[in-house]
Every structure is written in structure tokens, then in C-alpha cells.
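give me a model of this one.
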Amino acid sequence: QLQLVESGGGLVQPGGSLRLSCAVSGFALNYYAIGWFRQAAGKEREGVSCIDSSGGLANYADSVKGRFTISRDHAENTVSLQMNSLRPEDTAVYYCAAGSHCSDYPVMYDYWGQGTQVTVSS
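Here you go, the predicted structure:
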């Protein structure tokens, strides 16, 4: 059974850091691109970052460029999102998803995790 499980969310002050992890089971990471999305209350789900199946290509939303870094560990079958210089507007539920290639559109992803809450507040 294909499964993705996010962890690492929490409450952090503005300017702080968090590291989210997406643990993948039931398939090998090198077959799928992994994307991170977020959804704030009352807003649509938006793409944050994505890394392709080889791990050689990563992309980021303009709003997080220079602050977030995506990486994958094939040995551990995990994908991480390092989030630095967090802002209140980064507050959202963060999801990881698996698809055949990177895309900004959630519909292009086949499998989703349950999400983890990130709250940036003083």
C-alpha cells in the first residue's frame, strides 16, 4: 500500500525554522516526483516546492525561494523540506504528494499524505 506520512510541523516564532519530513512507504522514491503543497484556512491549496524522481531538479514557489530547501534521502525513503526565516503568511497545513512529474497543480499528483500543521506566530 502506497503511503506518505508528514511530520515536523508545529508552532514557531517569525524568523524561526522548521524541518518537515515526508516518509514514503510502499514504493521507491526514485519512481516518483515528490511535491510539497500548503493550504491556509479559507484558501486554495498551493504548490510550495517539488523535487523530481532523480533528485536532480527542484523548484520552488516565488514566495519561498531562498528560504525553503527540498531534499530527498533515497536510503531512508524520505523527502524533507527545510523552512527558514518563517513568516506568519507561511502558516498552513503542509502536505506532501507523489506524482509522475513535478507540477504546480494538485490534480497531477496521485498520492497524498494527511498533512501537518505549521503555525508561525509570536
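
can you map out the strands along this protein?
3-7, 10-12, 18-25, 33-39, 46-51, 58-60, 68-73, 78-83, 92-99, 109-112, 116-120 (DSSP state E).

so what's the residue nearest the centre of the chain bridging to?
In the chain, the residue lying closest to the centroid (CA atoms, centre = their mean) is W36, at 2.6 Å. Taking DSSP bridges as the rule, W36 bridges to S49, C96.

ok, it - contacts?
20, 22, 47-50, 70, 79, 81, 94-97 (CB atoms under 8 Å, 6 or more residues apart in numbering). Every residue, glycine included, has its C-beta placed from N, CA and C.

could the strands of the chain be laid out in CSV, adding mean pLDDT?
Compiled in CSV, the strands of the chain are given as follows (pLDDT from 0 to 100):
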stretch, mean pLDDT
strand 3-7, 96
strand 10-12, 98
strand 18-25, 96
strand 33-39, 97
strand 46-51, 97
strand 58-60, 96
strand 68-73, 94
strand 78-83, 97
strand 92-99, 97
strand 109-112, 96
strand 116-120, 98
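
does the closest residue to I34 other than its chain neighbours have beta-bridge partners, and which?
Distances taken as CB to CB, 6 or more residues apart in numbering put V79 closest to I34, at 4.4 Å, once the chain neighbours are dropped. For V79, the beta-bridge partners are C22, R72 (DSSP bridges).

mind listing what V79 touches?
S21, C22, V24, L29, I34, W36, I51, I70, S71, R72, D73, C96.

now those in TSV, with distance to V107?
Below are the contacts of V79 laid out as TSV (distance: CB to CB, whole Å):
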residue	distance to V107
S21	24
C22	19
V24	20
L29	22
I34	16
W36	16
I51	19
I70	21
S71	25
R72	23
D73	27
C96	16
